[in-house]
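Asks: Just to be clear, the model below is a prediction. Sequence and coordinates:
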Amino acid sequence: MPPELNSQSSNYLLQAPQLSSTPSHWLDDGDQKVIINIAGLRFETQLKTLDQFPDTLLGDPSKRMNYFDPMRNEYFFDRNRPSFDGILYYYQSGGKIRRPANVPLDVFADEIVFYELGNEALEQFREDEGFIKDVEIPLPDNDMYRQFWLLFEYPESSNAARGVALVSVFVIVISIIIFCMETLPEFRDDTDPVVATVVQAFNHSKDPFFFIETACIGWFFFELCVRFVVCPSKKQFFHNLMNLIDVISIIPYFVTVITELATTPAESSGHNMSLAILRIIRLVRVFRIFKLSRHSKGLQILGQTLKASMRELGLLIFFLFIGVILFSSAIYFAEVDEPNTQFVSIPDGFWWAVVTMTTVGYGDMCPITMGGKMVGTLCAIAGVLTIALPVPVIVSNFNYFYHRETEAEDKLPLKDAVEQVTKSEMSVKQGSNMSLSKLYCCGNVYTSRHHVTVVCLLL
């Protein structure tokens, strides 16, 4: 084709009514060209490409007409230019969202909201960028219940909630100290070697340990009851691990008291098995220490790290198991002919293999022969290598959760997030069910005419 004809055809295409919904005599309506000007950078695409998503800003003719420039016969948007490569690709690919490498996360998220690509596109973008999906936890409908729920469940939601959290931490620490102190010899009654003394503390009406323990249990019980009464979902309340720990931590007290009140001294002498079970039940009190994780970001990060590293920890245990079997067998056959050996069987070598592979080196069992010492050397080296392999992955997971948490705290405190979400949902839902994301926000709160999206990171 001659250059002149090619130039004339190009000019004719640009002068054609690209934005008109009426088909021309030589182009179908879907094949019409649309010119989009992004802050001076012009993009050209087909109308049918935009029509794939009619609910978006560019896909809805009535919405995009607000940005039409009749003088230039194009749509003009004073927006971020590099971001539009990803926005246009969303239409061209049929719904795949990809952020250009030179565009910051928050800028591209703003563009997704501006062009009204929808929550699905925003969630897809966040998943691709490594964000964890929001987990929405409903708040109580009742205003008073909502205040009490935030007071006891979210320590950073207000100053009063911080005060309640401090009281709870103080009571937990006192309870743990009492749990340890009452086992000291000067506080125990060991006059009867047969009868267990786990309930001796309750035999003395003036025992200070009993009164302090009762006061601590009273606070735990009060806190649990209040949180259960005001919680938005009674069914989901006990699906929370922390709530189960709260219940387990107070059960031993009531079991012990009921057992003590129902058992006479004459009957207690013949119930060694019951008292042994009671010992185990009271041992559960030590789980109160996990209640501190509700108020400690460090413990929460550690828990998330262990949860994310379960595969690596499982491999570590599996490799240790293989090493224990291998080296306990090797040390047995290396020492079997030695009369003074301590390795009389392969199961007897399990303890030695575990202690050696974990570099504890307890020393209660040690090889005597030259072959046994060589096996011990290889066992120690293998243990060091086995334990060192998953450590970088675990450390990497810890750094990820730690930096994510610190960045979230710097950008938007929970108190501000609660206020923003509460006010927005009150205006939109007009008093209907409130919801609060169980996430600490990254600081980007995107609002449209019909919804509020809080871009957050999982706690």
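Replies: Done, it's in. Numbers count the residues shown, from 1 in each chain.

Asks: Walk me through the domains of the protein.
Replies: Here the domain assignment for the chain is 3-128, 144-295, 310-389, 412-458, based on automatic domain parsing.

Asks: Dump these into JSON lines; add distance to residue 399 as well.
Replies: C-betas here are computed from N, CA, C, even on glycine. Below are the domains of the chain laid out as JSON lines (distance: least, C-beta to C-beta, whole Å):
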{"stretch": "domain 3-128", "distance to residue 399": "19"}
{"stretch": "domain 144-295", "distance to residue 399": "19"}
{"stretch": "domain 310-389", "distance to residue 399": "14"}
{"stretch": "domain 412-458", "distance to residue 399": "14"}
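
Asks: so which of those comes closest to residue 302?
Replies: Relative to residue 302, the nearest member of those by C-beta to C-beta is domain 144-295, separated by 8.2 Å.

Asks: chain center to the closest one, what's the gap?
Replies: If you compare the mean C-alpha spot of domain 144-295 with that of the full chain, they lie 27 Å apart, counting by C-alpha atoms, centre = their mean, to the nearest Å.

Asks: Repeat that for stretch 323-334.
Replies: With C-alpha atoms, centre = their mean as the basis, the distance from the averaged C-alpha position of stretch 323-334 to the chain average is 41 Å.

Asks: who touches that stretch?
Replies: 343, 345-350, 352-354, 356-357, 367, 369, 371-372, 374-376, 378-379, 382-383, 386 (C-beta atoms under 8 Å, 6 or more residues apart in numbering).

Asks: Go through the residues you listed and flag which are in helices.
Replies: Among these, DSSP state H puts 348-350, 352-354, 356-357, 371-372, 374-376, 378-379, 382-383, 386 in helices.

Asks: of those, buried ones?
Replies: Among the ones in helices among the contacts of stretch 323-334, the ones that count as buried by 16 or more other C-beta atoms under 10 Å are 349, 352-354, 356-357, 371-372, 375-376, 379, 382-383, 386.

Asks: Could I get the contacting residues of residue 291?
Replies: Residue 291 sits next to 168, 172, 242, 245, 246, 249 when contact means C-beta under 8 Å, 6+ apart.

Asks: May I see the PyMOL selection of the buried members of those residues?
Replies: Written as a PyMOL command, the selection of buried residues from those, which uses 16+ other C-beta under 10 Å, is:
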select buried, resi 168+172+245+246+249
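
Asks: Can you lay out the contacts of residue 291 as CSV showing distance to residue 183, pLDDT and secondary structure?
Replies: Conversion of the contacts of residue 291 to CSV gives the following (distance: C-beta to C-beta, whole Å; pLDDT from 0 to 100; DSSP: H, G, I helix; E, B strand; the rest coil):
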residue, distance to residue 183, pLDDT, secondary structure
168, 24, 90, helix
172, 18, 89, helix
242, 27, 84, helix
245, 22, 85, helix
246, 23, 86, helix
249, 18, 83, helix
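
Asks: nearest to residue 316, of the contacts of residue 291?
Replies: Of the contacts of residue 291, the one sitting nearest to residue 316 (C-beta to C-beta) turns out to be residue 245, at 25.6 Å.

Asks: Now that closest one. Nearest residue, chain neighbours left out?
Replies: Taking C-beta to C-beta, 6 or more residues apart in numbering as the measure, residue 245 lies nearest to residue 290, with 5.0 Å between them; neighbours along the chain are not counted.

Asks: Any idea how many residues pack against that neighbour?
Replies: Applying the criterion other C-beta atoms under 10 Å, we find 17 residues in the vicinity of residue 290.

Asks: That one falls within a strand, correct?
Replies: No: assignment of residue 290 by DSSP: H, G, I helix; E, B strand; the rest coil gives helix, placing it outside any strand.

Asks: Check what pLDDT it gets.
Replies: Reading off the confidence values, residue 290 has pLDDT 81.

Asks: May I ask you to confirm that residue 80 is in contact with residue 109?
Replies: No: when contacts are counted by C-beta atoms under 8 Å, residue 80 is not listed as touching residue 109 (11.2 Å).

Asks: Which of the two has more residues huddled nearby?
Replies: Between residue 80 and residue 109, counted using other C-beta under 10 Å, the more crowded position is residue 109 (22 against 18).

Asks: Run through the neighbouring helices and strands of the host helix or strand of that one.
Replies: Assigned by DSSP states H and E, residue 109 falls within helix 105-114. Counting contacts by 3 or more C-beta pairs under 8 Å, 6 or more residues apart in numbering; DSSP states H and E, helix 105-114 is packed against helix 83-92, helix 119-128, strand 439-447.

Asks: weakest of these by average pLDDT?
Replies: Mean pLDDT is lowest for strand 439-447 among those, at a mean of 37.

Asks: what's the farthest-apart pair in the buried ones among the ones in helices among the contacts of stretch 323-334?
Replies: 371 and 386 (22.0 Å).

Asks: can you pull out the strands in the chain?
Replies: Listed from the start of the chain, the chain has strands (DSSP state E) covering 33-38, 41-46, 68-69, 74-77, 136-139, 434-437, 439-447, 452-458.

Asks: Parallel or antiparallel, which strands does the shortest one pair with?
Replies: Pairing partners of strand 68-69, with direction, according to DSSP bridges: strand 74-77 (antiparallel).
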